[in-house]
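# Everything below, folded, please.
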Amino acid sequence: MKKSLTFCLLLLVFLSSQRIFAGPPPFELKSGDRIIFLGNTLIERAQKYGSWESVFMRSFPKAKLSFRNLGWSADTVWADSRGIFDPPAAGYQRMLKQVKDLKPNLILLGYGGNEAYAGEAGLPAFQKQLQKLLKDLKPTGAKIMIVSPHRSENAGHPLPDPTSHNRDLKLYADLLQKIAAQGNHYYIDLFSQLIPKSAGKPKLNWTTNGIHLTKAGYEKGANIIANDLGIHPVTLSPSVEQEVRQFAFEKNRLYFYNWRPQNITYLLGFRKHEQGQNAKELPQFIPMIEEREASIHRLISSQ
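Take a look at the predicted model:
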């Protein structure tokens, strides 16, 4: 009897561990799904090219999907860039509210590139705050996709050799992969796949300065996303692809104006007593955004 009970307990522990680390289900998107891009410069600049949005739309061409890019240059898991004139903690809370208000079905999360400058010593703090962020995002019910930072390219003099920093980036990428596995989140491994280890003379193939991806860099990243998720995007004709890119660029620019207006301090911040009455115009961007989204859906679904 005692042996049978022990066996059953061990079997239960094994099955529980298998469920915990089984990984996320096959990736799928359906009509009405909203995908949010949340993170640092890598994420913010993705809206300029639209290739990361395109890979999802082309993989599910009949689905009417919407995308909102909430990337913020130089941001961290502490929302260091989002405080504006407030402490980062205030920006963090605003970010959480904004994400929840958007009712996402999938959150593409891109952090770790800036935090890696703290080196190995910064890993425990980064891990703690990332897990807090994931916990704070959980009430949205959205699936989470964690995107690793990519390796820096060697741009040559006068920029520094990135070898030592790439070692730190790998530590953070490895931690992100571990956390993704523990949480059954999707993981995109840009670090080991996007930019190869430099060999020979410094040369920029995928970035403008060793860090910021070019159009080609984002397109390669889109291919990595597709491969890591096991999805199969359709190919668009050159003319349709150009139209889709243009509509995506316009849509992202309009949404940027909506949530990060240039005079945000006067419209929504501590000086809103001066021009806050003009904030009523911000929602007027939404119909223009949705109009361009409809055009994108029409173009892709016709292929």
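# what's the distance between the residue nearest to residue 40 when sequence neighbours are not counted and residue 216?
Counting by C-beta to C-beta, 6 or more residues apart in numbering, residue 40 lies nearest to residue 75, which is 4.6 Å off, once chain neighbours are set aside. Where C-beta positions appear, they are placed from N, C-alpha and C, glycine not excepted. For residue 75, the distance to residue 216 (C-beta to C-beta, to the nearest Å) stands at 24 Å.
# Need the contact partners of the helix or strand hosting residue 133.
Element membership of residue 133 [criterion: DSSP states H and E] is helix 123-137. Helix 123-137 is contacted from outside by 77-78, 96, 99, 107, 109, 111-112, 115, 118, 144, 171-172, 175-176, 179, 183, 185, using C-beta atoms under 8 Å, 6 or more residues apart in numbering.
# Buried ones among these?
In these, burial by neighbour count holds for 77-78, 96, 99, 107, 109, 111-112, 115, 144, 171-172, 175-176, 179, 183, 185, counting by 16 or more other C-beta atoms under 10 Å.
# returning to that earlier point: can you list the buried residues in the helix holding residue 133?
For helix 123-137, the neighbour count (16+ other C-beta under 10 Å) marks 123, 126, 127, 129, 130, 133, 134, 137 as buried.
# Take those residues and write them to TSV, including distance to residue 227 and pLDDT.
Shown next, in TSV, are the buried residues of helix 123-137 (distance: C-beta to C-beta, whole Å; pLDDT from 0 to 100):
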residue	distance to residue 227	pLDDT
123	28	98
126	27	98
127	27	98
129	29	98
130	24	98
133	26	98
134	24	98
137	25	98
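# tell me which of these is nearest to residue 296?
The nearest member of these to residue 296, counting by C-beta to C-beta, is residue 137 at 26.2 Å.
# how close does the closest one sit to residue 249?
27 Å.
# and if you look at residue 158?
Per C-beta to C-beta, residue 158 is found 32 Å from residue 249.
# of the two, who's got more company?
Neighbours were counted for residue 158 and for residue 249 using other C-beta atoms under 10 Å; residue 249 has more, 15 against 5.
# picking that back up, and the buried residues of helix 123-137, which two are furthest apart?
Farthest pair in those, by C-beta to C-beta: 123 and 137, 20.8 Å.
# What's the end-to-end length of stretch 202-210?
10 Å (C-alpha to C-alpha, to the nearest Å).
# what does stretch 195-211 give?
First-to-last residue span, stretch 195-211, C-alpha to C-alpha: 10 Å.
# Report the buried residues of it.
Within stretch 195-211, the residues scored as buried using 16+ other C-beta under 10 Å are 195, 198, 204, 206, 207, 210, 211.
# So which of the residues you listed is the closest to residue 272?
For these, the nearest to residue 272 is residue 211 (35.0 Å; C-beta to C-beta).
# Need the pLDDT of that closest one.
Model confidence at residue 211, given as pLDDT, is 96.
# where do the strands sit along this structure?
34-39, 66-69, 106-110, 143-147, 186-188 (DSSP state E).
# dump the residue contacts of the nearest residue to residue 46 once chain neighbours are set aside.
Nearest residue to residue 46, sequence neighbours excluded (C-beta to C-beta, 6+ apart): residue 52, at 4.8 Å. By C-beta under 8 Å, 6+ apart, the residues touching residue 52 are 37, 46, 108, 218, 221, 222, 225.
# Those in helices, which ones?
When DSSP state H is applied, the contacts of residue 52 are split such that 46, 218, 221, 222, 225 fall in helices.
# orientation of the helix holding residue 133 relative to strand 34-39 in degrees?
160 degrees (axes from the mean of the first three to the mean of the last three C-alpha atoms, to 10 degrees).
# Could you write out the alpha-carbon coordinates of helix 123-137 in PDB?
What follows is helix 123-137, C-alpha atoms only, in PDB (Å, rounded to 0.1, in the frame of the first residue of the first chain):
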ATOM      1  CA  LEU A 123      20.700  39.600 -13.900                       C
ATOM      2  CA  PRO A 124      18.900  39.000 -10.600                       C
ATOM      3  CA  ALA A 125      17.300  42.400 -10.600                       C
ATOM      4  CA  PHE A 126      16.300  42.000 -14.200                       C
ATOM      5  CA  GLN A 127      14.800  38.600 -13.600                       C
ATOM      6  CA  LYS A 128      12.800  39.800 -10.600                       C
ATOM      7  CA  GLN A 129      11.300  42.800 -12.500                       C
ATOM      8  CA  LEU A 130      10.600  40.800 -15.700                       C
ATOM      9  CA  GLN A 131       8.700  38.200 -13.600                       C
ATOM     10  CA  LYS A 132       6.800  41.100 -12.000                       C
ATOM     11  CA  LEU A 133       6.000  42.500 -15.400                       C
ATOM     12  CA  LEU A 134       4.800  39.100 -16.600                       C
ATOM     13  CA  LYS A 135       2.600  38.700 -13.500                       C
ATOM     14  CA  ASP A 136       1.200  42.200 -14.000                       C
ATOM     15  CA  LEU A 137       0.300  41.500 -17.600                       C
END
